[in-house]
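*Asks:* show me the folded form of this:
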Amino acid sequence: MLKKATFFILLLLSTTLSFGQLVESSGNNTNELLKEKKTKKKKKKRKKYKLPDIDLNNWKVTIPIGDPKVIEVSPPEILDYATNETLKPYMYNDSTRGAIVFHAYPSKTTRNTKYSRSELREQMVSGENNVNWTFEQGGNMKVKMAMDAVSRAENGKYHKVIIAQIHGRLTNEQRDRIGQKDNNAPPILKVYWQDGKIRVKTKVLKSQNVIDDAILLDEAWDDDKGYTFKQKVGFGKFTLEVDVEDGKMVVSLNNQEFAVYDSTSIKRWNIFENYFKVGNYLQTRDEGAFAKVRVYKLDVSH
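*Replies:* The predicted structure is shown next:
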């Protein structure tokens, strides 16, 4: 009888120890699973932070402050825009969306203009404004962007913003020949964000008979009537592409709608040098107005 009692006690202790080990093992497995889940969550959170796909080595930026002139930052300084205290209010990362935000409001303006901007200007040679391209040489710019926020006018409509341009430029020789103080020439292309749609405006010759250096003058050119794409982009992402070759310019939206320009005016534009611009050129001086434009990806080729 004593032997049987001893056997049952030993069996009970063995079972208790085994169960305890099982519980401990189960608890360890649960802890490991919880740790693994937490690690995965942290990795997922990290993945949410991303940077824009933009190489700024061939771009300078103009921001709406400065005294006496507006501030312009070229490479290599622009590469540190994220930590540049002067640039940060006007050009900064939205790392949750993977975009650079360009912020502008009515303030200081560049020469020959009345509106303020936070806008990139192409530099074919890093840090140099004097090397540009012609329509004969051609160029392509593809940019993924979105309107982040924009103020409204008194009539309730959103303020207009120029989000991309092809700007003309006189060579030094052309500038001197017509007696102009700077190298500024008209922009052959302006792309607007207007009430949630993309609108394009170009320049046309007032007279097809203009000859010699008269074609270099601002007064030789006028704005066309403009074209508004049918798609409404609102505040969502969209892709804008501008493709230029000798005598032809094509502007496309999301690779679905195309505005084609191949008039005599476009063919004769080859007399000018050009450079691409992209960002935020706010088209108002209304008190309290502002705009913020997100740029996710920017590619240029020639």
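
*Asks:* I'd guessed Val210 sits against Glu219; true?
*Replies:* No - Val210 lies out of contact with Glu219 (C-beta atoms under 8 Å); the separation is 10.0 Å. To be clear about C-beta, it is placed using only N, CA and C from the backbone, and glycine gets the same treatment.

*Asks:* who's more crowded, these two?
*Replies:* Val210 (16 against 9; other C-beta atoms under 10 Å).

*Asks:* so which residues of the stretch 1-150 of the chain form helices?
*Replies:* 2-47 (DSSP state H, counting those that start in this stretch).

*Asks:* which phi and psi does Ile266 have?
*Replies:* Ile266 adopts backbone torsions of phi -60, psi -40, taken as degrees, to the nearest 10.

*Asks:* quick one: residues contacting it.
*Replies:* Contacts for Ile266 (C-beta atoms under 8 Å, 6 or more residues apart in numbering) come out as 135, 188, 202, 247-249.

*Asks:* where does it land on pLDDT?
*Replies:* In the predicted model, Ile266 carries a pLDDT score of 96.

*Asks:* against Ile162, how distant is it?
*Replies:* 20 Å (C-beta to C-beta, to the nearest Å).

*Asks:* do the same with Gly288
*Replies:* Where Ile162 is concerned, Gly288 sits at a distance of 20 Å (C-beta to C-beta).

*Asks:* higher neighbour count, those two?
*Replies:* Neighbour totals were compared for Gly288 and Ile162, and Ile162 leads with 26 against 8 (other C-beta under 10 Å).

*Asks:* who's the residue lying closest to the more buried one once chain neighbours are set aside bridged to?
*Replies:* Nearest residue to Ile162, sequence neighbours excluded (C-beta to C-beta, 6 or more residues apart in numbering): Tyr281, at 3.9 Å. Beta bridges link Tyr281 to Arg117, Ile162 when assigned by DSSP bridges.

*Asks:* go ahead and confirm Tyr281 touches Val161.
*Replies:* Yes - applying C-beta under 8 Å as the test, Tyr281 and Val161 come out as touching, 6.6 Å apart.

*Asks:* have a look at these two and say which one is more surrounded.
*Replies:* Neighbour tally, Tyr281 and Val161, criterion other C-beta under 10 Å: the higher count belongs to Tyr281, 27 against 24.

*Asks:* list the contacts for the more buried one?
*Replies:* Taking C-beta under 8 Å, 6+ apart, one finds 104, 115, 117, 119, 161-163, 165 in contact with Tyr281.

*Asks:* and the two most separated of those?
*Replies:* The largest separation in those, counting by C-beta to C-beta, is between Ala104 and Gln165 at 14.2 Å.
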